[in-house]
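> Based on what follows, work out the 3D shape:
(one chain, ligands or ions: 1)
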Amino acid sequence: MSHAVIEVEDLGKRYGGRPVLDGVSFTVAEGEIFGILGPNGAGKTTAVECVEGLRVPDTGTVRVLGMDPHAQGDRLRERIGVQLQETGLPGSIRVGEALELYSSFYREPRDLPGLLADWGLEDKRNVRYSKLSGGWRQRVHIALALVGRPRVAFLDELTTGLDPQARRDTWRLIRRVRESGVTVVLVSHFMDEVEELCDRVTVLDGGRVRATGTPAELIARVGGEHRMSFRPVDDLDPSLLTSLPGVTGVERDGRRVVVTGAGDFATAVTAALARDHVLVAELRIDRRTLDDAYPALTGRPLEV
Ligand SMILES: Nc1ncnc2c1ncn2[C@@H]1O[C@H](COP(=O)(O)OP(=O)(O)OP(=O)(O)O)[C@@H](O)[C@H]1O
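Numbers count the residues shown, from 1 in each chain. I've put the predicted structure just below:
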């Protein structure tokens, strides 16, 4: 893994004697989109705010860009971009004013026209925040997080409440943030979002890390079988498929043939069908998703 920009070790935090974070450890590498996934109340915001230096953990250590976020908070906050879950922007503030306000927090902020142009906000400069649609608000939030030329941007539940198109647009913006060289920590309770965007993800539940890895690793860790199915145009002898590497089962479901297996079995099956000149229709391969893996990782489904 490349250089670590965030190192969290054995973080603990209690509220009223109740553990909200219980031995949380993870590392974020430079240049990645790192996801923190978990249901409401899992401790995601608490963990991120400890990393940002906005809350003080009871136990454990945090290093961000080599700094202690509590002891060196002022210096650190020059180098990170924080988009709070509730940005607390007054509805009457205009987009340009909000960006100017945030600029004033930094010694070397981005120039405003450049930032507005980067995020397609020139036409919105004089529009009041309350008049913006959800998608445009997220654009403003991302621009606010980048005002100070951060090396790490924290984006918390950016797409909650957005319609599907605005979500996809926001995902593109998040990728652009990373492409600009900024490491992104993305807090989310959407599995599809994390799977789509994140290089690596840590699954937090009940204040504990349940798993950390690439989305593909987490899915593979749960193991299990994949399925493919198709309708043979001509008769098919199932024994043609049962002995192929990785295939664990061949069944008929009406006119369809359903093959289960692990690893690269689908390639072996399609190659065998082609070799024997078996024409098939309606070929479908069911890919497992993080959604499928989640209950096995945490012992329960994600309740939000
Ligand atoms: N300042 C506080 N005082 C007391 N309890 C708190 C405080 N902050 C958070 N908690 C509790 O800690 C738990 C974890 O909260 P946290 O906000 O970190 O979870 P989360 O995973 O970010 O969920 P959400 O998506 O709802 O913000 C919750 O049960 C919450 O009620």
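> and A4, what is it in contact with?
Residues in contact with A4, defined by C-beta atoms under 8 Å, 6 or more residues apart in numbering, are 27-30. Where C-beta positions appear, they are placed from N, C-alpha and C, glycine not excepted.
> correction: R252
Going by C-beta under 8 Å, 6+ apart, R252 touches 238, 258.
> isn't G148 right up against P109?
Yes. Here G148 reaches P109: they are 5.7 Å apart, a contact under C-beta atoms under 8 Å.
> need the residues of the chain near the ligand, please.
The chain has residues 15, 20, 38, 40-46 near the ligand, with proximity defined as C-beta under 6 Å from any ligand atom.
> which one of G148 and P109 has more residues nearby?
G148 (22 against 17; other C-beta atoms under 10 Å).
> Unless I misread the structure, the more buried one falls within a helix.
No. Counting by DSSP: H, G, I helix; E, B strand; the rest coil, one finds G148 to be coil, located in no helix.
> what residues are up against the residue lying closest to it once chain neighbours are set aside?
Distances taken as C-beta to C-beta, 6 or more residues apart in numbering place Y106 nearest to G148, at 3.7 Å, with adjacent residues excluded. Contacts of Y106 were listed using C-beta under 8 Å, 6+ apart, and they are 78, 147-149.
> Please list only the buried members of those.
Taking 16 or more other C-beta atoms under 10 Å as the criterion, what is buried in the contacts of Y106 is 147-148.
> can you list the contacts of Y106 in TSV and add distance to L218 and pLDDT?
Listed next are the contacts of Y106 as TSV, based on distance: C-beta to C-beta, whole Å; pLDDT from 0 to 100:
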residue	distance to L218	pLDDT
E78	34	90
V147	34	94
G148	33	93
R149	33	93
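> Quickly check the contacts of Y106 for the two that are furthest apart.
E78 and V147 (11.3 Å; C-beta to C-beta).
> Look up the closest residue to G53, ignoring the ones flanking it.
G53's closest residue in space is P69 (C-beta to C-beta, 6+ apart), at 3.2 Å.
> is it true that the one you found touches R79?
No. Contact status for P69 versus R79: not in contact, 10.6 Å apart, counting by C-beta under 8 Å.
> which residues are common contacts for G148 and P109?
Common contact partners of G148 and P109 (C-beta under 8 Å, 6+ apart): 102-103.
> what's the strand or helix carrying R168 packed up against?
In the assignment (DSSP states H and E), R168 maps to helix 164-179. With contacts taken as 3 or more C-beta pairs under 8 Å, 6 or more residues apart in numbering; DSSP states H and E, helix 164-179 sits against strand 33-37, helix 134-146, strand 152-156, strand 183-188, helix 191-197.
> what's the angle from the third one to strand 183-188?
Spelled out, it's strand 152-156. 10 degrees (axes from the mean of the first three to the mean of the last three C-alpha atoms, to 10 degrees).
> for strand 152-156, packing partners?
Using 3+ C-beta pairs under 8 Å, 6+ apart: strand 152-156 touches helix 44-52, strand 80-83, helix 134-146, helix 164-179, strand 183-188.
> got the contact list for that strand?
With contact meaning C-beta under 8 Å, 6+ apart, strand 152-156 is reached by 5-6, 28, 44-45, 48, 51-52, 64-65, 79-85, 141-142, 145-146, 174, 177, 182-187.
> let's go with 7 Å and repeat that
The set of residues external to strand 152-156 that reach it, using C-beta atoms under 7 Å, 6 or more residues apart in numbering, is 5-6, 45, 48, 52, 64, 80-85, 145-146, 174, 177, 182-187.
> Please apply the same query to the last one.
Helix 191-197 is touched from outside by 33, 35, 37, 159, 171, 174-175, 186, 188, 201, 215, 289-291, 294, 302, with contacts defined as C-beta under 7 Å, 6+ apart.
> Next: the first one.
Contacts made with strand 33-37 from outside it, assessed by C-beta under 7 Å, 6+ apart, are listed as 28, 44, 47-48, 174, 178, 184-189, 191, 194, 197-204.
> Let me know the outermost residue of the chain.
Residue farthest from the centre of the chain, counting by C-alpha atoms, centre = their mean, is D235 at 44.9 Å.
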